[in-house]
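**Student:** predicted coordinates and the sequence they were generated for:
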Amino acid sequence: MPKRALEDIKAFLKGFAESFKHNSTEYLEFELRELENVFALTLMGEFVGIPSPPTTLVIRLLPHMTRELYVMQRRAVEMDDILGELAGMFEIT
């Protein structure tokens with residue numbers, strides 16, 4: 001009987017740890033997505049009125065930013081609700 005209880009506790013803790021791994025991965029992916037958006041807005045800030053860095057720097061980084069430009073365009077079309085997405089992530093109702 002005690003051996004069975006110990007196995008049940010181990011299984012519970014393993015499931016608990018897996019749940020934390022899944023949630024933390026989801027949070028990190030969201031944070032990465034938002035940091036990429038901030039980086040793209042920093043370089044391409046003239047679209048929204050933010051002073052931009054020197055033009056030579058922007059031109060040098062532009063070939064590496066194709067993905068970010070597509071993401072910015074998609075987000076502008078979809079107009080995601082960041083606060084709503086965060087509330088859904090943290091299960092706030």
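**Tutor:** Arrived safely.
**Student:** contacts, neighbours, all on C-alpha from now
**Tutor:** Noted.
**Student:** and the next element down the chain from the top helix by length along the chain?
**Tutor:** Ranked by number of residues, the top helix in the chain under DSSP state H is helix 2-43. Using DSSP states H and E, the helix or strand that follows helix 2-43 in sequence is helix 55-61.
**Student:** any idea which helix or strand comes after that next one?
**Tutor:** Counting by DSSP H and E, what follows helix 55-61 is helix 66-78.
**Student:** just the angle for whichever helix or strand comes after that next one relative to helix 2-43, thanks.
**Tutor:** Downstream of helix 66-78, the first helix or strand assigned by DSSP H and E is helix 82-89. If you take axes from the mean of the first three to the mean of the last three CA atoms, to 10 degrees, helix 82-89 sits at 170 degrees to helix 2-43.
**Student:** average pLDDT for helix 82-89?
**Tutor:** Helix 82-89 comes out with an average pLDDT of 75.
**Student:** mind checking how far that helix is from the chain centre?
**Tutor:** 11 Å (CA atoms, centre = their mean, to the nearest Å).
**Student:** over to stretch 34-50?
**Tutor:** For stretch 34-50, the distance to the chain centre is 16 Å (CA atoms, centre = their mean).
**Student:** what residues of it count as buried?
**Tutor:** Within stretch 34-50, the residues that qualify as buried by neighbour count (16 or more other CA atoms under 10 Å) are 36-37, 40-41, 43-44.
**Student:** neighbours around residue 67, how many?
**Tutor:** 12 (other CA atoms under 10 Å).
**Student:** do you know the pLDDT at the residue nearest to the spatial centre of the chain?
**Tutor:** Taking CA atoms, centre = their mean, the centroid of the chain lies closest to residue 30, which sits 1.7 Å from it. What the model reports for residue 30 is a pLDDT of 86.
**Student:** pull up the per-residue confidence for the closest residue to residue 51 other than its chain neighbours.
**Tutor:** Spatial nearest neighbour of residue 51, excluding adjacent residues (CA to CA, 6 or more residues apart in numbering): residue 45 at 6.1 Å. Turning to residue 45, the model gives it a pLDDT of 76.
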